[in-house]
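K.L.:
sequence below, structure please.
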Amino acid sequence: MGGFTFSGAPVISSFSPHSGAVGTTVVINGKNFNKTVVNNIVYFGAVRAPVTSASTYSLTVIAPAGATYKPISVLDSATGLIGYSGEPFNLSFPPGTDSFTAASFAEKVEFGTNYTNVNISSMDLDGDKLADIILKKYYGYISILRNKSTTGAVLFDEPN
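P.N.:
Here you go, the predicted structure:
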């Protein structure tokens with residue numbers, strides 16, 4: 001008979017550390033991860049994180065810029081199965097800083113003045129590993145603010 005083995009969806013039992021700045025190495029422990037690095041697709045909320053090593057029971061990833069405060073997810077692209085952490089990773093300020101300053105932001109941009117916003121969501125729409133903003137408005141209008149942030153500057157395209 002054929003040698004098909006079904007191992008189940010990825011299961012995240014823990015990860016460490018629980019918080020850190022962009023670029024922090026995070027070890028995700030659990031089971032049913034794919035041993036091939038590129039077959040593990042990991043998101044920190046809405047933003048994809050690079051996977052640097054993989055085994056059946058452990059993944060090593062890098063905390064991405066723009067990570068949102070949502071559970072970590074692991075998708076095994078070979079099986080199409082996904083698993084979630086029980087708690088979110090907390091993206092923190094880099095060492096030596098503990099707050100925002102005026103220099104942390106680009107110049108103010110006004111949006112939503114002609115239509116009332118109904119819903120705001122964020123996710124990486126263009127694959128650059130930064131969470132973009134989607135504004136759903138009345139009458140079916142949608143605006144997308146592309147995230148163009150860099151280290152030290154939060155920048156978005158003006159709404160369309």
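K.L.:
in its sheet, what does the helix or strand of the chain with the lowest mean pLDDT sit against?
P.N.:
Counting by mean pLDDT, DSSP states H and E, the chain has its least confident helix or strand at strand 117-123, which shows a mean of 73. When sheet partners are counted by DSSP bridges, strand 117-123 sits next to strand 132-137 (antiparallel).
K.L.:
now do the buried residues in the partner strand.
P.N.:
Using 16 or more other CB atoms under 10 Å as the test for burial, strand 132-137 gives Asp132, Ile133, Leu135, Lys137. (Glycine included, C-beta is placed from N, CA and C.)
K.L.:
for the first one, name its beta-bridge partners.
P.N.:
Each beta-bridge partner of Asp132 is listed here: Met123, as defined by DSSP bridges.
K.L.:
which stretches of the chain form strands?
P.N.:
Using DSSP state E, the strands of the chain run over residues 11-16, 19-20, 25-31, 40-44, 47-49, 51-54, 58-62, 71-76, 81-88, 90-91, 117-123, 132-137, 142-145.
K.L.:
lowest-confidence stretch among the ones you listed?
P.N.:
Lowest mean pLDDT within the strands of the chain: strand 117-123, a mean of 73.
K.L.:
can I get that one as CSV, trimmed to CA atoms?
P.N.:
C-alpha atoms of strand 117-123 as CSV (Å, rounded to 0.1, in the frame of the first residue of the first chain):
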residue,chain,number,x,y,z
ASN,A,117,-15.3,55.5,7.3
VAL,A,118,-17.1,52.3,8.1
ASN,A,119,-14.4,49.8,8.7
ILE,A,120,-10.6,49.8,9.0
SER,A,121,-8.4,46.7,8.6
SER,A,122,-4.7,46.1,8.1
MET,A,123,-2.8,43.3,6.4
